[in-house]
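Participant: My questions concern the predicted model and sequence given below.
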Amino acid sequence: MAATSLGEVRTRRAWVGLLGAVVASSLVACGSSQSSPDPGPPHLAWQESALPVAAGDRALVRAATWCAGSWVVAGATADADDRTRPAVWTSTDARHWQTLTLHPGADYYTAREILSSVACSGGRLALLGATPGGAHWMPRTATWRQLSDGSLAAVRAPYLLFGGTESVDVATLVGGPHGYLISGTRTNGAAVWHSSDGVAFRLYDGAPGLASTPRLRTQAGDAMPYRDGWLVAGQATESSGRLRGVTWTGDPGGSWSRLQVPGGTVLTTAERLVATPAGPDVAGLRDDGFGLWALRGGSWTITERFGSTDPDGTDASFVSGLADAGGIVVATYSDGAHFRLWLGSDVPMPPEVAVDGDRTATVAAHGRRLLLLTDDDHAGRAWLTTVPRPVA
C-alpha cells in the first residue's frame, strides 16, 4: 500500500467544508499561503422517510448498511409499554421502506431482541441482537441469518457462546470477503467470533496478541476486512491505568499483531473503523476531544482533530458511527450531552438528539449518499442526503 502523507490526507478532507465555495481555514493549516473567511458548517439537504411500524408502535433504529442494491436498517419496534420486537427495514431509495420477515423461533428472548448490528457478505445479510433477561438481567445475544427467500431467521446457539461468566461485551458484527466477524471482550481480553456463512459462529478468545497480558487489559469494539484477514479496533488499559487506542491485524484462529494508535496525553480510544479509497481510518477519543487516524504505510497517523467533550455532560463520550461518503469521512459522536455530526466540521443534525438512555445517532453510506439514523426516544428515523463532491 502506498504511503499517504499527513498533508495529503488533510488537504483532501479540507474540501469537505467548502462544498463548492471558498478555501477553509483547515486547508490553510495544511500549508496554503492564502487565507479566506471560514464559510461555516456545510449545509446538507435532508430527506426524512418514515419506517413502517404497527399502529401504536415506534421504531428503534440502531444500525444500517448497503447490501445487494438496497439500504438495510436494523433495530426493533416498541409498543406503548416498551415491549420490543426485532425489526429490519429495507429500501432501494431510502424513501419507501418495507419490513423484512423475521423468524425468531420459539426462544423468548430472541423474539424481544433489539438488533444492534447488520452486516453484508457476498450479498447476504447477517445481524446481531440482544435483550437483557434471566436472574441477573444479563444480555441474551443471538445472530440472524438470511434465508433464500430474503427473510431472516434467528440462529440457535449455546448460551456460553456469547454469554456466561466469562462474557464482558459482544460489540459489533461486520461482513467481508471471508464471511462475518463479531468483535467483543471476554474476561481474558479482546475476542472475536467468526463465521464463513453467518450460520455458525466460533469464538476465538485468548488469541496471542489479541487477548490481555499481565501489563495490558484489552477490549475490542469494531472490525473491518483488511487485506487477507481482519482489522480489529479497541482499547488497552495499561497497568498504570492509562487508556490507549489499539488495533490488531490477523485471522481468527491465528496470532494477531497489535498496532498502537498515537494520541493524547491522557487517553486515546479506537472505536469505529471505516474503509476509505486510501485505506482504513479509525476514529475515537483523544483527551477531551476526538481524533481521526489513517493507517498508511504500516502505521497510524492522526489526520483530524474534531469536536470536544461537554464538561457539563452526564453521559459517556464516544464515536457512534463512521462512514466514507465518496471519499469524505463522516462521523457521529456523543459529546456526553448530545449527539453530533461531523463532516470536516460539525454540521447541524436534522433533529437534536440528547445522549440519554437508548437514544442514538449513527451513519452509513453508499457512494456519496449518506444515511443518518436518529433515535430520540420518541421515534427512530432515517434521513438521506447527498454529500457534494469536493472542488477539483
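Facilitator: Done, it's in. Computed from a prediction, not measured in an experiment: that's the story for all the values here.
Participant: Look at residue 267 and report its pLDDT.
Facilitator: On pLDDT, residue 267 comes in at 96.
Participant: can you count the residues close to it?
Facilitator: Neighbours of residue 267 under the rule other C-beta atoms under 10 Å: 18. (Each C-beta comes from the backbone N, C-alpha and C, glycine too.)
Participant: That one contacts residue 243, correct?
Facilitator: Yes. Using C-beta atoms under 8 Å, residue 267 is in contact with residue 243, at 4.3 Å.
Participant: Mind listing residues that contact the helix or strand hosting residue 300?
Facilitator: Element membership of residue 300, judged by DSSP states H and E, is strand 299-308. Contact with strand 299-308 is made by 6, 9-10, 13, 247, 259-263, 281-282, 286, 288-294, 329, 331, 333, 335, 340, 342, 344-346, as judged by C-beta atoms under 8 Å, 6 or more residues apart in numbering.
Participant: ditto for stretch 353-366
Facilitator: 60-66, 71, 313, 315-316, 320-326, 330-332, 334-339, 341, 349, 370-377, 387.
Participant: one more time with 6 Å, if that's ok
Facilitator: 64-66, 315, 320-321, 323-325, 330, 332, 334, 337-339, 371-377 (C-beta atoms under 6 Å, 6 or more residues apart in numbering).
Participant: what is the mean pLDDT for that stretch?
Facilitator: pLDDT averaged over stretch 353-366 gives 95.
Participant: OK, contacts around residue 78?
Facilitator: Residue 78 neighbours (C-beta under 6 Å, 6+ apart): 58, 60, 84.
Participant: Which one (most neighbours) among those residues?
Facilitator: Busiest of these [other C-beta under 10 Å] is residue 60, holding 26 neighbours.
Participant: Give me the pLDDT for residue 392.
Facilitator: Taking residue 392 on its own, its pLDDT is 53.
Participant: Could you check the angle the helix or strand following the strand holding residue 300 makes with strand 299-308?
Facilitator: Using DSSP H and E, the helix or strand that follows strand 299-308 in sequence is strand 317-325. Strand 317-325 runs at 110 degrees relative to strand 299-308, counting by axes from the mean of the first three to the mean of the last three C-alpha atoms, to 10 degrees.
Participant: burial count for the spatially closest residue to residue 114 that is not a sequence neighbour?
Facilitator: Excluding the flanking residues, the one nearest residue 114 by C-beta to C-beta, 6 or more residues apart in numbering is residue 76, at 4.2 Å. Neighbours of residue 76 under the rule other C-beta under 10 Å: 26.
Participant: Tell me the strands beside the strand or helix carrying residue 76, with direction?
Facilitator: Residue 76 belongs to strand 70-78 when assigned by DSSP H and E. In the sheet, strand 70-78 lines up against strand 58-67 (antiparallel), strand 84-91 (antiparallel) (DSSP bridges).
Participant: Please compute how far the first one lies from its chain's middle.
Facilitator: Relative to the mean C-alpha coordinate of its chain, strand 58-67 is positioned 12 Å out (C-alpha atoms, centre = their mean, to the nearest Å).
Participant: Output that strand as CSV, restricted to C-alpha atoms.
Facilitator: As requested, the backbone C-alpha atoms of strand 58-67 are provided in CSV (Å, rounded to 0.1, in the frame of the first residue of the first chain):
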residue,chain,number,x,y,z
ARG,A,58,-42.5,3.2,17.4
ALA,A,59,-39.3,2.3,15.5
LEU,A,60,-36.0,1.9,17.3
VAL,A,61,-33.1,2.3,14.8
ARG,A,62,-29.6,1.1,15.6
ALA,A,63,-27.5,0.3,12.5
ALA,A,64,-27.6,0.4,8.7
THR,A,65,-25.7,-0.9,5.7
TRP,A,66,-25.9,-1.1,1.9
CYS,A,67,-26.3,-4.7,0.7
